[in-house]
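Novice: model the structure of this input:
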Amino acid sequence: MNIYITLDYEIYFGENHGTVEKCIIYPTSELIRIAETHDVRFCFFIDCGFIFKIAEYKVKYPHLEKDYNAITQQVKYLSDTGHDIQLHIHPHWEDSYYDGERWIINIKRYKLVDFNETEIADIVFRYKKVLTDITGKSIFAYRAGGWCLQPFSKIKKAFIENQITLDSSVFRNGYYSSEHY
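Specialist: Here you go, the predicted model:
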């Protein structure tokens, strides 16, 4: 029997989103320690929009360089040590920004399908490129932020063009409804 443990690598995006160190780096380091102790590997779905935004804002706010380096080095380490690295998209990062002290999260366009098809193609391309640039490896799987994948027909073309052939957004028989889902 094969058991696959998949994890989302992301910062909490609520009002009190915490720090990169406490929300991403430290917990992932603990998971790495457990994985190494038991010789297991995980599949990490990396929230590339966040990495993309840190890269954008570290130019204006040099203190973000530390977070950017910590994340990219950890993702590279995960990849180099045999963990699977794949694409996770929370497209709300397109409308969110850093004010010099904290991330201002805008979730008006929370789902990938909230964007037009040209924007979707651009987001998928740019976010996938973030991972291939860090890992040097093929990225072929995707997990939608908040399981928001429908209607798939609107994003299908972007996935085909970017060789995304596997979706890990499902949760069987699950249903969730809210203002943004």
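Novice: the nearest residue in space to Leu149 that is not next to it in sequence: what secondary structure?
Specialist: Once flanking residues are discounted, Leu149 sits nearest to Ser169: 4.6 Å by CB to CB, 6 or more residues apart in numbering. C-beta coordinates here come from the backbone N, C-alpha and C atoms, glycine included. Classification of Ser169 by DSSP: H, G, I helix; E, B strand; the rest coil places it in coil.
Novice: count the residues that sit near Ser169.
Specialist: The burial count assigned to Ser169 is 18, neighbours taken as other CB atoms under 10 Å.
Novice: in terms of contact, does it touch Arg143 like I think?
Specialist: Yes - with contact defined as CB atoms under 8 Å, Ser169 and Arg143 form a contacting pair (5.3 Å).
Novice: any stretches of the chain with poor pLDDT?
Specialist: Where the chain drops to pLDDT under 70, the residues are 1, 13-15, 171, 174-181.
Novice: all helices of it, in order?
Specialist: Using DSSP state H, the helices assigned to the chain run over residues 20, 26-38, 48-57, 64-80, 117-135, 156-161.
Novice: residue nearest the centroid of this protein?
Specialist: Taking CA atoms, centre = their mean, the centroid of the chain lies closest to Asp47, which sits 1.2 Å from it.
Novice: if that residue is in a bridge, with which residues?
Specialist: Here Asp47 shows beta-bridge partners His88, assigned using DSSP bridges.
Novice: is it true that it touches Asp8?
Specialist: Yes - the pair Asp47 / Asp8 is scored as a contact, 6.9 Å apart, by CB under 8 Å.
Novice: could you tell me which residues touch both of those two?
Specialist: Counting by CB atoms under 8 Å, 6 or more residues apart in numbering, the residues touching both Asp47 and Asp8 are His88.
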